[in-house]
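K.L.:
Provide a 3D model corresponding to the input given below.
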Amino acid sequence: MPRVRLQDVAEHAGVSTKTVSNVVNDYPHVTPEMRARVLASIAELGYRPNATARRLATGRTGTLALAVSDVSIPYFAELARTVARQAAARGYRLLLEQTGDSIEAERSMLLGRESGLVDGLIFQPSRLETAELARYTLHAPMVLIGENAAPDSVDNVMIDNVRAARRVTDHLVGLGCRRIGFVGHEAGGISETSRQRLEGLHAALRDAGVPVLPELEIATSAIGAAQAEEAVGAALDAGIEVDGFFCRDDLSALGTLRALRVRGVAVPDDVAVVGWDDVAWAPFVQPTLTSVRPNTERLAQIALDLLEERIAGESGPGRHLIVEHSLVVRESAPASRPR
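P.N.:
A predicted model of the protein is given here:
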């Protein structure tokens, strides 16, 4: 079948091609009645805007990209859903890129933006250094999210991981924990995320007069519940003594809970457990999981605000902004427990 053209929609709706273009590009000065008539014709004819033609006419494609390391990690899946919903409310489509925690994939993805498929990018880097990231800002508007260091020239949105980790540790200490383990940092080379969370743990322990015990810090071969269960189980079988676990993320917490349950260790009576990300299933595991909750709604909103400003021509220095977090207290590490 021949492709439906803008002119075909205009003739079907009885309006000018300019009016159809205004509706397609979501310009605000179209009356509701006219917009409804054009949208009805678009739906009936099956019209699809030509992205190349749209870019030639407006300089934009109406498409953004979100790039993260691994969409199978629940936090990134939930973040992607939030960004996609908010982007759609602003009139954008969203492309999702997965870099696989590979520096080559991160470079390839950034350079690929020169093809003109997207107007801007929200990117969670895990491997690229700041100097290299700074060079890529020349190609298209970009906003970074996450804990990795950001160039002064690039916008970045994150939560304060050190402060949040201190909050977790203070909560565990308040429950009477004195031998607090950390689960989930990478065995093959610690990430900036893990480094900051360990920094907050150590600082809070020192402030509370509680020993920092590196032997209680349990690395895993990869981010995942199975890897955490294996590592924690091996540590428990080797005789590790711990009364609280601070888990790098909720997947690590899930594996930790299972390792404890299999060995008959009661949570929270014997060992308290805190996760990080407060993913959708955290209130439904047994026991329900206490977890750090990043404000992903606010993170997505700020990232999109900054990106739209860059797309519109903002050329000032990078804005590095902190998004709030909270500690959601549930059964695995309650507000108090029997002494």
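K.L.:
could you use CA atoms for every contact and neighbour count after this?
P.N.:
Noted.
K.L.:
pretty sure Gly120 sits against Gly313.
P.N.:
No: using Cα atoms under 8 Å, Gly120 is not in contact with Gly313, being 11.7 Å away.
K.L.:
the two: who's more crowded?
P.N.:
When neighbours are counted by other Cα atoms under 10 Å, Gly120 and Gly313 differ, and Gly120 comes out ahead with 25 against 10.
K.L.:
next, the buried residues of stretch 70-79.
P.N.:
By neighbour count on 16 or more other Cα atoms under 10 Å, the buried set for stretch 70-79 is 71, 73-76, 78-79.
K.L.:
TSV for those residues, including secondary structure and pLDDT?
P.N.:
Converted to TSV, the buried residues of stretch 70-79 look like this (DSSP: H, G, I helix; E, B strand; the rest coil; pLDDT from 0 to 100):
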residue	secondary structure	pLDDT
Val71	coil	92
Ile73	coil	93
Pro74	helix	95
Tyr75	helix	95
Phe76	helix	95
Glu78	helix	96
Leu79	helix	97
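K.L.:
which one of those is nearest to Leu94?
P.N.:
Leu94 has its nearest neighbour among the buried residues of stretch 70-79 in Leu79, at 12.4 Å by Cα to Cα.
K.L.:
show me what contacts that closest one?
P.N.:
Residues counted as contacts of Leu79 (Cα atoms under 8 Å, 6 or more residues apart in numbering) are 296, 300.
K.L.:
if I look at it, how far off is Leu96?
P.N.:
Separation of Leu79 from Leu96 (Cα to Cα, to the nearest Å) stands at 11 Å.
K.L.:
pretty sure Met241 sits against Arg178.
P.N.:
Check again: residue 241 is Glu, not Met. No: at 10.3 Å, Glu241 does not count as touching Arg178 under the criterion of Cα under 8 Å.
K.L.:
between those two, which one's more packed in?
P.N.:
Arg178 (19 against 13).
K.L.:
and the more buried one, backbone torsions?
P.N.:
Reported as degrees, to the nearest 10, the phi and psi values for Arg178 are phi -130, psi -10.
K.L.:
mind checking how far it is from Tyr92?
P.N.:
50 Å.
K.L.:
just Gly100 next, same as before
P.N.:
25 Å.
K.L.:
these two: who's more crowded?
P.N.:
Set Gly100 next to Tyr92 and count neighbours by other Cα under 10 Å: Tyr92 wins out with 18 against 15.
K.L.:
in contact with Ser291, which residues?
P.N.:
Here Ser291 is in contact with 250, 274-278, 282, 327-330 (Cα under 8 Å, 6+ apart).
K.L.:
distance from the helix or strand hosting it to the middle of the chain?
P.N.:
In this assignment (DSSP states H and E), Ser291 forms part of strand 290-294. Centroid separation for strand 290-294 versus its chain: 13 Å, with Cα atoms, centre = their mean, to the nearest Å.
K.L.:
what about Asp207, how many neighbours?
P.N.:
Using other Cα under 10 Å as the criterion, the residues surrounding Asp207 number 11.
K.L.:
wait, is it part of a helix?
P.N.:
Yes: if the criterion is DSSP: H, G, I helix; E, B strand; the rest coil, then Asp207 is within a helix.
K.L.:
so for it, what's the pLDDT?
P.N.:
If you check Asp207, the pLDDT there is 98.
K.L.:
same question, Glu129
P.N.:
84.
K.L.:
now do Met1
P.N.:
pLDDT at Met1 comes out at 52.
K.L.:
now do Phe246
P.N.:
pLDDT for Phe246: 98.
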